[in-house]
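Engineer: I would like to see how this sequence folds:
(one chain, ligands or ions: 1)
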Amino acid sequence: MPGATAGRRPATTGTLPGSTRCADSSPQLPSGPSSAKVSPRMRKRFYLTTAIDYVNGEPHLGHAYEKIVADVIARARRSLGEEVFFLTGLDEHGQKVQQAALDSGKKPQAYCDDLAAVWKGFAKKLNLSNDDFVRTSEPRHQTAVQAILSKLNAAGHFYKAQYRGFYSLKEETFLTEKDRRADRTFDANYGQVVELVEDNYYFHLREHQQWPIEHIESHPELDPQGREFIEPFYRRNEVLAFLKNNALEDLCISRPLARLNWGIPLPFDEKFVTYVWFDALVNYISVPAAQGDPAVLAALKSEIRNPKSEIELWPADVHVIGKDILKFHAVYWPITLRAIGLPLPKQILVHGWWQKDGQKMSKSTGNIVDPISIIDEWGVDAFRYYVVRELDIGPDGNWTDAGFQARYSAELANGLGNLVNRSLSMLKRYRNGVVPPSSDELAPEINQAAGHVRDRLRENKLQEALMSIFFSIVDRANQYVDQTAPFKLARDPANAARLDQVLYNLTETCRILAVLLWPFIPATAEKIFAQLGLGGRPDQMSYADWGGLNAGHSIAEPVALFPRKDRPKN
Ligand code: ME8
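Structural biologist: Numbering: from 1, shown residues only. I've put the predicted structure just below:
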């Protein structure tokens, strides 16, 4: 969302995208979770979320990237031995969806149901391992939103006031004078801008100016694992600069029913529905409430009844989001949580935006990357590998078809694929597929690299972890083949013992690669395991210690993992 603000007070400038408004009042800030009864058998899960995508948009590269990043983190944590709960889903309310449904001649719910099937299919296509998929039109979510609204209203956090000013229909946000350009017009990103006079409900934010600054600045010291509250550091600094240089404006949390009916009704005034951003952010706790999280249920009192399960989730360990929605997550969401009486998420991890060929992706100019067609042509793991390898979590990235094809060819087909295929093929050819006695010639290097990968994964440094796997293991093992030349050793029976050693080192390296690569490219990792003749999945980092393959074990048939594509696609 563009950087819109909305308020009757003169607005101050800020660099963070989002919409606010401002006034005063001083609610007491509850200091943390209410006294939730936690049953002794429960252990808090590592709770990881993504942004929930607007249901009416097309799934694109940016959506795919964010969900893959979160999925790699989720799989890595599981593999490192943590119990994980990974949530993603859809943002379904608001003016844009209501209008799109109207245009397609459907009722909003039916329209959303149809699109939700497409988005759930997209999550499958990306091979996401999400534990739940939230839709904001679901009753379980609406109940939680209304419970929170009732609680905050009863505690005096809201007030009703008349708004007079500009409103962007496209961005569903209020605009102020400062959003105007020198020629008094508004940026085209805002679409149609109308003048409005209407009553709405506002959330007092002004007294929340200081503590978020202290919260952000007191990290990483406050965090037991030494994490920043907002990463990367330049996004943290951006939020701090915004909070220090701008008076917070009160947040409008309603829209009049007369203008918008596709939303969650305010429980205390039936003439209004909930502002779509307030509604959407609550997904991060509406799902824990529905899953029976004791802290969230206690904070919402007895409003949510009979959850099916009893899983301890809140506070979230990581919210993975894009840079454009940072202010909502780093300012409004923490303030809302404090007001509810819940602890803050442990970390907000902010990724950058993808462009295509150096330009903003846009359907109208035709420069879009369609993840589905890429996956259909090249396979889901080639896509997953490329986006994580190419773009670190933080900066903006640039997709080029040539760049994708170059990495596919050099790193996947000729690097990893060739290593696994030639290692297993030589074991088949020279030893009938039977693993020779163990040898640990490469063990020190591979164990060290595996330790480094695990450490980076614990820090969510996915790109660094992947580079270590490729530079320190794949490239090293391919170099080892060239140095030891097993095909030459095989020509002379006098070299049999040395050939045994080389083949063991290569085969065991392939096994460890499967384990380390599983969070990133799970289907390929499972294929490597299957070709090694191993049962189960390579889904526990503890399997990555050297020496797991036993002498006498028979491998299965080697099959190319990433078929070479001779003619690059334009
Ligand atoms: O913002 N590159 O939904 P959304 C990388 N419903 N990431 C991108 C991107 C790009 N080109 N374009 C979008 C919303 N994203 C709200 C979220 S959360 C409570 C509500 C990212 O469908 C974007 O930054 O517009 C966001 O994190 C996610 O895709 C969903 O964007």
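Engineer: what about the closest residue to the ligand within the stretch 301-450 of the chain, how many residues close to it?
Structural biologist: Across the stretch 301-450 of the chain, the shortest distance to the ligand (C-beta to the nearest ligand atom) belongs to Gly322, at 1.7 Å. (C-beta placed from N, C-alpha, C; glycine too.) Number of residues near Gly322 (other C-beta atoms under 10 Å) recorded here: 19.
Engineer: any low-confidence regions in the chain?
Structural biologist: In the predicted model of the chain, residues 1-41, 302-308, 566-570 satisfy pLDDT under 70.
Engineer: ok, now how distant is Tyr65 from the ligand?
Structural biologist: In this structure, Tyr65 and the ligand are separated by 5 Å, where distance is defined by C-beta to the nearest ligand atom, to the nearest Å.
Engineer: would you confirm that that residue contacts Glu390?
Structural biologist: No: under the criterion of C-beta atoms under 8 Å, Tyr65 makes no contact with Glu390, lying 9.5 Å away.
Engineer: what helix or strand is Leu48 located in?
Structural biologist: Leu48 is part of strand 46-50, with elements assigned from DSSP states H and E.
Engineer: how many other residues sit next to the residue of the stretch 101-250 of the chain found nearest the ligand?
Structural biologist: Among the residues of the stretch 101-250 of the chain, Thr136 lies nearest to the ligand; the distance is 8.9 Å by C-beta to the nearest ligand atom. Residues within reach of Thr136, counting by other C-beta under 10 Å, total 26.
Engineer: which one is it nearest to, not counting chain neighbours?
Structural biologist: Counting by C-beta to C-beta, 6 or more residues apart in numbering, the nearest residue to Thr136 once its immediate chain neighbours are dropped is Glu92, at 4.8 Å.
Engineer: residues contacting the one you found?
Structural biologist: Contacts were defined as C-beta atoms under 8 Å, 6 or more residues apart in numbering; by that measure Glu92 touches 55, 108, 112, 116, 135-137.
Engineer: which ones among those residues lie within helices?
Structural biologist: Applying DSSP state H to the contacts of Glu92, the entries found in helices are 108, 112, 116.
Engineer: got CSV for those residues, with neighbour count and distance to the ligand too?
Structural biologist: Putting the ones in helices among the contacts of Glu92 into CSV (neighbours: other C-beta atoms under 10 Å; distance: C-beta to the nearest ligand atom, whole Å) gives the following:
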residue, neighbour count, distance to the ligand
Pro108, 21, 16
Cys112, 24, 13
Ala116, 18, 13
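Engineer: all helices of the stretch 151-300 of the chain, in order?
Structural biologist: 211-217, 233-245, 276-281, 283-290, 294-299 (DSSP state H, counting those that start in this stretch).
Engineer: rebuild the ones you listed as TSV, extending it with mean neighbour count and distance to the ligand.
Structural biologist: Below are the helices of the stretch 151-300 of the chain laid out as TSV (neighbours: other C-beta atoms under 10 Å; distance: least, C-beta to the nearest ligand atom, whole Å):
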stretch	mean neighbour count	distance to the ligand
helix 211-217	16	18
helix 233-245	17	12
helix 276-281	24	4
helix 283-290	26	6
helix 294-299	24	16
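Engineer: reformat these as TSV; add distance to Tyr201.
Structural biologist: Supplementary listing: those in TSV, determined by distance: least, C-beta to C-beta, whole Å:
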stretch	distance to Tyr201
helix 211-217	22
helix 233-245	24
helix 276-281	10
helix 283-290	20
helix 294-299	21
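Engineer: and the host helix or strand of Phe122, how far out from the chain middle?
Structural biologist: Per DSSP H and E, Phe122 falls inside helix 108-125. How far helix 108-125 lies from its chain's middle: 19 Å, per C-alpha atoms, centre = their mean, to the nearest Å.
Engineer: do stretch 255-263 as well
Structural biologist: So, by C-alpha atoms, centre = their mean, the centroid of stretch 255-263 is 30 Å from its chain's centroid.
Engineer: in this structure Gln192 contacts Glu171, no?
Structural biologist: No: the criterion here is C-beta under 8 Å, and Gln192 misses it with Glu171 at 10.2 Å.
Engineer: tell me which of those two has more neighbours.
Structural biologist: Per other C-beta under 10 Å, whichever of Gln192 and Glu171 has more neighbours is Glu171, with 20 against 9.
Engineer: is it true that the more buried one touches Gly191?
Structural biologist: Yes: taking contact to mean C-beta under 8 Å, the distance of 7.0 Å between Glu171 and Gly191 places them in contact.
Engineer: what parts of the chain come near the ligand?
Structural biologist: 51-54, 57, 62-63, 65-66, 91, 280-281, 321-322, 324-325, 353-354, 361 (C-beta under 6 Å from any ligand atom).
Engineer: change it to 8 Å
Structural biologist: Residues of the chain found near the ligand, taking C-beta under 8 Å from any ligand atom as the criterion, are 1, 50-54, 57, 60-63, 65-66, 91, 276-277, 280-281, 283-284, 320-325, 328-329, 351-355, 360-361, 396-397.
Engineer: before we move on, the earlier item: buried sites along the helix holding Phe122?
Structural biologist: 108, 111-112, 115-116, 119-120, 122-123, 125 (16 or more other C-beta atoms under 10 Å).
Engineer: re earlier: sort out for me which of the residues of the chain next to the ligand are in helices.
Structural biologist: With helices taken from DSSP H, the overlap with the residues of the chain next to the ligand comprises 61-63, 65-66, 276-277, 280-281, 283-284.
Engineer: tally of neighbours for Ser218?
Structural biologist: Other residues within reach of Ser218, judged by other C-beta under 10 Å, total 11.
Engineer: typo on my end, it should be Leu61
Structural biologist: Leu61 has 21 neighbouring residues, counting by other C-beta under 10 Å.
Engineer: the one 10 residues further on now?
Structural biologist: One way to gauge burial is a neighbour count; for Asp71, by other C-beta under 10 Å, it gives 26.
Engineer: and what of Gln162?
Structural biologist: Gln162 has 9 neighbours, counted by other C-beta under 10 Å.
Engineer: in the sheet, who's paired with it?
Structural biologist: Partner residues in beta bridges with Gln162: Asp199, with DSSP bridges as the criterion.
Engineer: so which helix or strand takes in the residue nearest the centre of the chain?
Structural biologist: In the chain, the residue lying closest to the centroid (C-alpha atoms, centre = their mean) is Ala70, at 3.4 Å. If you go by DSSP H and E, Ala70 is part of helix 61-79.
Engineer: now that helix and helix 108-125, what's the angle there?
Structural biologist: Regarding helix 61-79 and helix 108-125, their directions subtend 60 degrees when assessed with axes from the mean of the first three to the mean of the last three C-alpha atoms, to 10 degrees.
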